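Peer 1: What would the 3D arrangement of this be:
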Amino acid sequence: MMVPAALLLLGALTAVVAPRLLARSDWPDREPVVALWVWQCAVAAVLLCCALSMTLSAAAAWQAVRGHVFAPAPRAVVEAYALGAGGTWAATTAVTLALGGVWSAAMLVREVARARARRRLRRAELLVRAPLLPGEESGTGRLVVLEGERADAWWLSGPAPQLVVTTAALRRLKGRQLDALLAHEEGHAQARHDWLLHCSSALAGGFPQVPVFAAFRDEMHRLVELAADDMASRRFGRLTTALALVELNEDRGVFGPGPTPHAHVPQRVHRLLTPPDRLPATRRLGLTATAALVPMVPLLVAFVPGLRALGWGG
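Peer 2: Here you go, the predicted structure:
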């Protein structure tokens, strides 16, 4: 029963160390896409540790589960895991982790259901404020203009995604700034950032006492915006993208001294106007490959006893 305990310890260590290492690094703002990948790999490693520990604990607690997990394995492999020494601790661990998995799935379903409900509500409001003309089909255009005194714009996802812009925003956005805004929102859609936000919010909402999940959610919200900014700036320039952000958010008081819900906007504008140097391609590749190996560590820990019993690695 040492392997399930080692996996839980490894998961806890990863949950503590990974966010601190990322917080102390200066490259995530320079390479938000790589940072998104690293965060996903770190959280995947934590979840994989829990899943493997649950499986081995259940195998130790119940013979029926053990028969399924180790059905094709030789007797020497089963004995290498010392599954008979688990007792009540194994059953308690397995049930607790299984309930955690079910709760995580329930939180994800809740997040997706809420997002779809918000999207349906917004589409219904859109039909009221911008009714279809006779013969016009819903979702035929990518851009929808609404009458409004406040500069605002949002992406309405779904089978026929659309960018909704108020007339006040159109009056403020000049030249290619509207194109930059559209490219920013399309960047979110193409990279499926909505699923990253759903998963991170589900974990943070389901386990508010776990700091790594709260940090995961906060960083996902921040990094997806930086990544979309970069996608827009590559097509229409950093200055154009920065000006579009300023024009859309100036009336919201985000550039004032007081705290606001959109306090990250000034940081994004500053980043666009004073772009940091990108990492060399070799380092980006190295970070990506290293992060991909992190979820492999729990698998290695879980399989080491079996491999040793088969005579691999001496």
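
Peer 1: For residue 100, give its distance to residue 204.
Peer 2: Plainly put, residue 100 is 14 Å away from residue 204 if you go by Cβ to Cβ, to the nearest Å. C-betas here are computed from N, CA, C, even on glycine.

Peer 1: Could you do residue 239 as well?
Peer 2: Using Cβ to Cβ, we find residue 239 at a distance of 35 Å from residue 204.

Peer 1: These two: which has the busier surroundings?
Peer 2: Neighbours were counted for residue 239 and for residue 204 using other Cβ atoms under 10 Å; residue 204 has more, 20 against 13.

Peer 1: So which bits of the strand or helix carrying that one are buried?
Peer 2: Here residue 204, judged by DSSP states H and E, is contained in helix 193-206. Neighbour counts over helix 193-206 (16 or more other Cβ atoms under 10 Å) mark 193-194, 196-206 as buried.

Peer 1: Tell me the helix or strand right after the strand or helix carrying residue 225.
Peer 2: Assigned by DSSP H and E, residue 225 belongs to helix 211-236. Counting by DSSP H and E, the next helix or strand C-terminal to helix 211-236 is helix 238-249.

Peer 1: hang on, the earlier thing: want to throw the buried residues of helix 193-206 into a markdown table with distance to residue 25 and pLDDT?
Peer 2: Converted to a markdown table, these look like this (distance: Cβ to Cβ, whole Å; pLDDT from 0 to 100):
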| residue | distance to residue 25 | pLDDT |
| --- | --- | --- |
| 193 | 21 | 90 |
| 194 | 26 | 88 |
| 196 | 20 | 92 |
| 197 | 22 | 92 |
| 198 | 26 | 93 |
| 199 | 22 | 93 |
| 200 | 19 | 94 |
| 201 | 24 | 94 |
| 202 | 26 | 94 |
| 203 | 22 | 94 |
| 204 | 21 | 94 |
| 205 | 27 | 92 |
| 206 | 27 | 92 |
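
Peer 1: so who does residue 245 touch?
Peer 2: When contacts are counted by Cβ atoms under 8 Å, 6 or more residues apart in numbering, residue 245 touches 229, 265, 268-269, 272.

Peer 1: In strands only, show me those.
Peer 2: Judged by DSSP state E, strands contain none of the contacts of residue 245.

Peer 1: From the residues you listed, which shows the smallest pLDDT?
Peer 2: pLDDT is lowest at residue 265 among these; the value there is 87.

Peer 1: I'd say it and residue 250 touch.
Peer 2: No: contact criterion Cβ atoms under 8 Å: residue 265 and residue 250 do not qualify, at 9.6 Å.

Peer 1: out of those two, which sits in the more crowded spot?
Peer 2: Using other Cβ under 10 Å as the criterion, residue 265 and residue 250 rank with residue 265 on top: 19 against 13.

Peer 1: Give me the neighbour count for residue 295.
Peer 2: Residue 295 has 19 neighbouring residues, counting by other Cβ under 10 Å.

Peer 1: Contacts only, for it.
Peer 2: Contact partners of residue 295, counting by Cβ under 8 Å, 6+ apart, are 41, 44-45, 48.

Peer 1: for the residues you listed, which one is nearest residue 117?
Peer 2: Nearest to residue 117 among the contacts of residue 295 is residue 44, at 28.1 Å by Cβ to Cβ.

Peer 1: any idea which residue sits dead centre in this structure?
Peer 2: Nearest to the geometric centre of the chain sits residue 196, at 3.0 Å (Cα atoms, centre = their mean).

Peer 1: Please list the residues outside stretch 50-62 that contact it.
Peer 2: With contact meaning Cβ under 8 Å, 6+ apart, stretch 50-62 is reached by 1, 3-5, 7-8, 11, 65-66, 69-70, 81, 83-86, 90-91, 93-94, 97-98, 100-101, 298-299, 301-302.

Peer 1: Of the residues you listed, keep whichever come out buried.
Peer 2: With neighbours counted by 16+ other Cβ under 10 Å, these contain buried members at 1, 3-4, 7-8, 11, 65-66, 69-70, 81, 83, 86, 90, 93-94, 97-98, 100, 298, 301-302.

Peer 1: can you count the residues close to residue 22?
Peer 2: 16.

Peer 1: Distance of residue 44 relative to residue 207?
Peer 2: Using Cβ to Cβ, residue 44 is found at 15 Å from residue 207.

Peer 1: Residue 74 against residue 310, yeah?
Peer 2: Yes: using Cβ under 8 Å, residue 74 is in contact with residue 310, at 7.5 Å.

Peer 1: before we move on, the earlier item: dump the residue contacts of the residue nearest to the centre of the chain.
Peer 2: By Cβ under 8 Å, 6+ apart, the contact set of residue 196 is 36, 40, 220, 224.
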